[in-house]
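J.: generate coordinates for the sequence data below:
(one chain, ligands or ions: 3)
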Amino acid sequence: SSVVEEQLDPFSLVADDLLILTNRLRSMVVAEIPKLADAMEYFLKMGVEGKRFRPTILLLMARALNVPMARRPPDAVVDTLSMESRPSIAEIAEMIHVASRLHDGVMDGADTTRGIASLNFVMGNKLALLTGDLLLSRAYVEISSLKNTEVLSVMGAVVEHLVTGETMQVTATSDQRSSMEYYMQKTYYKRASLISNSCKAISILAGHTAEVSRLACEYGKNLGLAYQLINDVIDFMGTSTSPGKGSLSDIRRGIITAPILFSMEEFPELRAIIDQGFDDSANVDHALEYLGKSCGIERTRELAMKHARLALYAIDSFPENNDDDVRISRRGLVELTERVITR
Ligand code: FPP
Ligand code: MG
Ligand code: MG
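T.: Ligands and ions are numbered 1, 2, ... in the order given. Model prediction:
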C-alpha cells in the first residue's frame, strides 16, 4: 500500500521543520537594549508555543509545492545550497502575526492574549507598540534577503490588509456592522490575508506559474475564512476540548459575527438590539435567544464547510506530482483542512 494513503498527522509531518523554525525565531530575539530584548523574548511565547496551525500549514505548503530537483532550472541548484540560511515564509509570517498581536493587545487594552498575559499588560503600551514595530521591520529585512520583488509586494499587502481590517472593525457604521458582506471582507483582511498571501509567496519562491500561485492563494484564503467562521461558532458553543458554552467574548465586546448576522436574516428584529450595543448584558441574553431560535450556527458551519471544500479543491488542482514527500505534504494539507472544521 502506498505511504500516501496512511493516516497522517500534519503536525508530526513537519516536526523537524518546526524545530528549525523555532530555533531561527529564537536567534532573532536579540536587541541592543535589554528591555527590548526582554520584550522580544515574549514574542517567542506568543509565536512558537501556540497551536502552530499557521506555521504547520506554511511548512507543509512549501513541501507540497516543492519543484523536484530534476525539473529545476540549472541555476536553481546554487540556490538550494544556500537554502538553509534563507528565511522561510513560515518564519516571516510568524513575525508579522506576532507584531499584529502586540499592536492588537494595545488596541483592545487586553490583559491576556490567547491565555498568556499580553505584553502591553506586562510592560506597558509603549513597549508593546515599539516591539511590534521592531518585529515588523525585522520581518521585512528578512523578506528583502529573499531578493524577490514580487514576494516583497505580496507580503507587503498583508500589513495593509491587517490595518484595513482593523480599521473596518473600529470605524464600522450601524449598517456595516449588520452586513454579512462587510463582515466577510473584514474577516478576509484580518484573518485570511496573512495565510493566503504567505501561501502565494511560497509558490512564487518555488518558481511556480501564476496559476499555481493563484491556487496556493485560494487554499490559504479559504482555509483562513473557514478557520475564523468556526472560531465564531466556538465563541458561542464551546469546543470539543472545552465543551459547553463558549466565552461569548465577541458579542460581549460588541463584535458581531456570522452566527448573529445569519440569525438577523431570519429575525430582522435583532437589528434593533445590535444597534443598542451589548454593554447591557440583557441585550446579550436577548440576542442569544434569537440565535437559539434561528439557524445561525448551522448556517455559519455550512459556510465554513463551503470554504473548506474550496480549499480542498485548490489542493486537488495542483499539478500532478509523483514525489512521495510532495504527495504526503498535500495529504497533510487536506488533513489540516478537515481538522480546522472539526475542532
Ligand atoms: C485580532 O482581532 C487582530 C488582528 C488579527 C489584527 C490586528 C491588526 C492591527 C492591530 C494592525 C497593526 C498591524 C501590524 C502588522 C503591526 P481581535 O482583537 O478582533 O480578536 P482576538 O484578539 O480576540 O483574536
Ligand atoms: Mg484582540
Ligand atoms: Mg482587536
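J.: for the closest residue in space to R214 that isn't next to it in sequence, which three-state class applies?
T.: Once flanking residues are discounted, R214 sits nearest to K200: 7.8 Å by CB to CB, 6 or more residues apart in numbering. Just so you know, the C-beta spots here come from the backbone N, C-alpha and C atoms, and that holds for glycine as well. Secondary structure for K200, judged by DSSP: H, G, I helix; E, B strand; the rest coil, is helix.
J.: can you tell me which residues in the stretch 101-250 of the chain are near ligand 2?
T.: D104, D108 (CB under 5 Å from the ion).
J.: tell me where the stretch 101-250 of the chain has helices.
T.: Assigned by DSSP state H, counting those that start in this stretch, the helices in the stretch 101-250 of the chain fall at 119-123, 125-144, 149-171, 174-177, 180-187, 193-205, 210-237, 249-252.
J.: most tightly surrounded among the ones you listed?
T.: helix 193-205 (a mean of 26; mean count of other CB atoms under 10 Å).
J.: hmm, who's touching that helix?
T.: The contact list for helix 193-205 (CB atoms under 8 Å, 6 or more residues apart in numbering) reads 54, 57-58, 61-62, 65, 89-90, 92-93, 96-97, 100, 146, 148, 150-151, 154-155, 157-158, 161-162, 165, 188, 212-221, 223-224.
J.: if you set the cut-off to 7 Å instead, what comes out?
T.: Contact with helix 193-205 is made by 54, 57-58, 61-62, 65, 89, 93, 96-97, 146, 148, 150-151, 154-155, 157-158, 161, 212-213, 216-217, 219-221, 223-224, as judged by CB atoms under 7 Å, 6 or more residues apart in numbering.
J.: run through those and flag the ones next to ligand 1.
T.: I96 (CB under 6 Å from any ligand atom).
J.: per-residue confidence at L19?
T.: With respect to pLDDT, L19 scores 86.
J.: of the helices of the stretch 101-250 of the chain, which is nearest A15?
T.: helix 193-205 (19.1 Å; CB to CB).
J.: wait, does that closest one contact ligand 1?
T.: No - under the criterion of CB under 6 Å from any ligand atom, ligand 1 is not reached by helix 193-205; the shortest gap measures 8.1 Å.
J.: tell me how far that helix lies from the chain's centre.
T.: Centre-to-centre, helix 193-205 and its host chain are 12 Å apart (CA atoms, centre = their mean, to the nearest Å).
J.: do stretch 205-225 as well
T.: For stretch 205-225 - counting by CA atoms, centre = their mean - the centre lies 14 Å from the chain centre.
J.: CA atoms of that stretch as PDB?
T.: Listed next in PDB are the C-alpha coordinates belonging to stretch 205-225 (Å, rounded to 0.1, in the frame of the first residue of the first chain):
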ATOM      1  CA  LEU A 205       9.500  31.400  -4.400                       C
ATOM      2  CA  ALA A 206       9.300  27.800  -5.600                       C
ATOM      3  CA  GLY A 207       9.200  29.100  -9.200                       C
ATOM      4  CA  HIS A 208       5.600  28.100 -10.000                       C
ATOM      5  CA  THR A 209       3.300  29.500 -12.600                       C
ATOM      6  CA  ALA A 210       0.900  32.300 -11.900                       C
ATOM      7  CA  GLU A 211      -1.900  29.700 -12.000                       C
ATOM      8  CA  VAL A 212      -0.300  27.500  -9.300                       C
ATOM      9  CA  SER A 213       0.300  30.600  -7.200                       C
ATOM     10  CA  ARG A 214      -3.400  31.500  -7.500                       C
ATOM     11  CA  LEU A 215      -4.300  28.100  -6.300                       C
ATOM     12  CA  ALA A 216      -2.000  28.300  -3.300                       C
ATOM     13  CA  CYS A 217      -3.500  31.700  -2.500                       C
ATOM     14  CA  GLU A 218      -7.000  30.300  -2.800                       C
ATOM     15  CA  TYR A 219      -6.200  27.500  -0.400                       C
ATOM     16  CA  GLY A 220      -4.900  29.900   2.200                       C
ATOM     17  CA  LYS A 221      -7.800  32.300   1.800                       C
ATOM     18  CA  ASN A 222     -10.500  29.700   2.100                       C
ATOM     19  CA  LEU A 223      -8.800  27.900   4.900                       C
ATOM     20  CA  GLY A 224      -8.400  31.200   6.800                       C
ATOM     21  CA  LEU A 225     -12.100  32.000   6.300                       C
END
